[in-house]
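*Asks:* requesting a structural model of the entry that follows:
(one chain, ligands or ions: 1)
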Amino acid sequence: MNPPDSTLLVRNATVLVTMDGARREIAGGGLFARNGIIEAVGPSETLPATADRILDLDDHVVLPGLVNCHHHLDQTLTRNLPVAQNVNLFRWLTAHYRRWAARTPEASRTATLVGLAELALTGCTTCFDHAYVFRNGCTVDDQIAAAREIGLRFMVSRGSMSLGQSRGGLPPDDCVEAEEDILADSERVIARYHDAAPGSLLQIALAPCSPFSVTPELMRDSATLARAKGVRLHTHLAETIDEERYTLARFGKRPVAYMEELGWLGEDVWFAHAVHVNAHEIGCFKGAEVGVCHCPSSNMRLASGIAPVKAYRRAGVKVGLGVDGSASNDGNNMLGEARQAMLLARLQISLRPPEGPDTTLSTSDPSRDAEWMTAREALELATLGGAAVLGRSDIGALAPGKCADFFALRLDDVAFAGGLADPVAAALFCTPGRAAFTVVHGRPIVAHGEIVSIDLAAVVAEHNRHAARLAALSE
Ligand SMILES: [Zn+2]
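*Replies:* Numbers count the residues shown, from 1 in each chain. Alright, predicted model coming up:
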């Protein structure tokens, strides 16, 4: 870790993207930070001349660290499982539940490290992990220790599943937990780890998994506990038509109405996916200040659908991005996810009629320009959007008082060749490459394109031994 009162100077970036209130992009820009907090951002000549650590980033674009709002790091152990390659969500889950339940604490450690390493190499500095399968001795503590080891800003849920197949849920009974155990462990984890202070490197959320794996009682009790302790609430919602059919059949309500009945529409809540919603439900999210985490790769991979991200934005709903579990993506590439969000929003234009009275307009008509997601809008979703969804005002932008979380891309990389008329947009339009530097709270996690906080090669080798054992299991 940094010594006390350590300073960091970044200077001479080809362009530094602030995402501040004026959305400044500063040519020849830099920043000065002390103890992980930014004190100054501006043209390099306006910054202090020296610091304990200096990064001279000429020929780089510097961007605020990306914020991943929905993930399941343990699924890095079960990427690309052959039996789950070509099936939709419910069949995909059924193929995985027992394998996830069979992971060991040591396997969970390596999966967390591998997933966070890949995220850091693609510009991510803050990750929320929706952990929800706790069997075989695994606890949230395993992942927290790993996140501290590699050094990313981490938010993790003491998530849960309590509704097994014998009671009408999707997961096998031997993969779920007793509700009193879940709530007791939730209290323990919050008391031990949750840090609400500005600049926090570790926060806890409560996240019952989904309407088809958790009882209404546990949804309600989790919300009551979260609000008593001041932590945020999260779950999967409106991800697939199968889920909508499930809640209609079992509870007589669409997913959003079901969650409203359970007291789950509030500013302290964000939902993953939120694909299958109507205009009224988008209005409900806005009214209650609920956040949404858009997971485009996972939604495509599992043929779940396309979330109405532009409609959410027009309505003023908070939207962030998530790579989702690495078994439904099958990666942990956060810059790639921002690119995917931009591209999928464009595909969506071609799939719906124009929004004006003239339904004959083509996608090229200038009156439809506002429907296009720009590279900068996708970057905003991945930075400020994610910060808002996670309830953080101290990350997502490079400005005085914010955390020194950022990443840098080399502009002499082959992927950018010929695309440098707009180096900021190039970060998304051109094939996303590795970050040259990724810095969290002033501490380099990636330097010169390599992870420097852990021995990644050794971790990957151990991780793959655990993964091979799980792949050999049956459903
Ligand atoms: Zn998920």
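*Asks:* who is the spatially most central residue of the chain paired with across the strands?
*Replies:* Among the residues of the chain, the one closest to the centroid is residue 68, at 2.1 Å (Cα atoms, centre = their mean). Legend: beta-bridge partners of residue 68 under DSSP bridges are residue 127, residue 321.
*Asks:* ok, it touching residue 323?
*Replies:* Yes: counting by Cβ atoms under 8 Å, residue 68 touches residue 323, with 5.8 Å between them. Just so you know, the C-beta spots here come from the backbone N, C-alpha and C atoms, and that holds for glycine as well.
*Asks:* hey, what's in contact with both of these two?
*Replies:* Contact criterion Cβ atoms under 8 Å, 6 or more residues apart in numbering; residues shared by residue 68 and residue 323: 119, 334, 337.
*Asks:* ok, so of those, who is nearest residue 307?
*Replies:* Distance ranking of these against residue 307, using Cβ to Cβ, places residue 337 first at 12.9 Å.
*Asks:* name the nearest residue to the closest one, sequence neighbours excluded.
*Replies:* Using Cβ to Cβ, 6 or more residues apart in numbering and skipping the chain neighbours, the partner closest in space to residue 337 is residue 323 (4.9 Å).
*Asks:* what is the burial count for the residue nearest to residue 275 when sequence neighbours are not counted?
*Replies:* Residue nearest to residue 275 in three dimensions, not counting chain neighbours: residue 305, with 4.2 Å by Cβ to Cβ, 6+ apart. Neighbourhood size, residue 305 [other Cβ atoms under 10 Å]: 15.
*Asks:* who touches residue 305 in this structure?
*Replies:* For residue 305, the contact set (Cβ under 8 Å, 6+ apart) comprises 240, 241, 275, 276, 299.
*Asks:* measure it to residue 295 for me?
*Replies:* 11 Å (Cβ to Cβ, to the nearest Å).
*Asks:* also residue 7?
*Replies:* Residue 7 is 37 Å from residue 295, where distance means Cβ to Cβ.
*Asks:* between those two, who's got more neighbours?
*Replies:* Counted by other Cβ under 10 Å, residue 7 and residue 295 do not tie: residue 295 has more neighbours, with 33 against 17.
*Asks:* re the thing from before, out of the contacts of residue 305, which is nearest to residue 37?
*Replies:* Nearest member of these to residue 37, counting by Cβ to Cβ, is residue 299, at 35.9 Å.
*Asks:* any idea of the pLDDT on that closest one?
*Replies:* pLDDT, residue 299: 98.
*Asks:* what helix or strand is it on?
*Replies:* Assigned by DSSP states H and E, residue 299 belongs to helix 296-301.
*Asks:* what residues sit buried inside the very next helix or strand once past that helix?
*Replies:* Sequence order places helix 309-315 as the next helix or strand after helix 296-301, per DSSP H and E. Neighbour-count burial for helix 309-315 flags 309, 310, 311, 312, 313 (criterion: 16 or more other Cβ atoms under 10 Å).
*Asks:* in the stretch 351-475 of the chain, which spans are strands?
*Replies:* 406-410, 437-440, 443-447, 450-451 (DSSP state E, counting those that start in this stretch).
*Asks:* break this structure into its domains for me.
*Replies:* Under the assignment automatic domain parsing, the domains of the chain span 7-65+394-450, 66-386.
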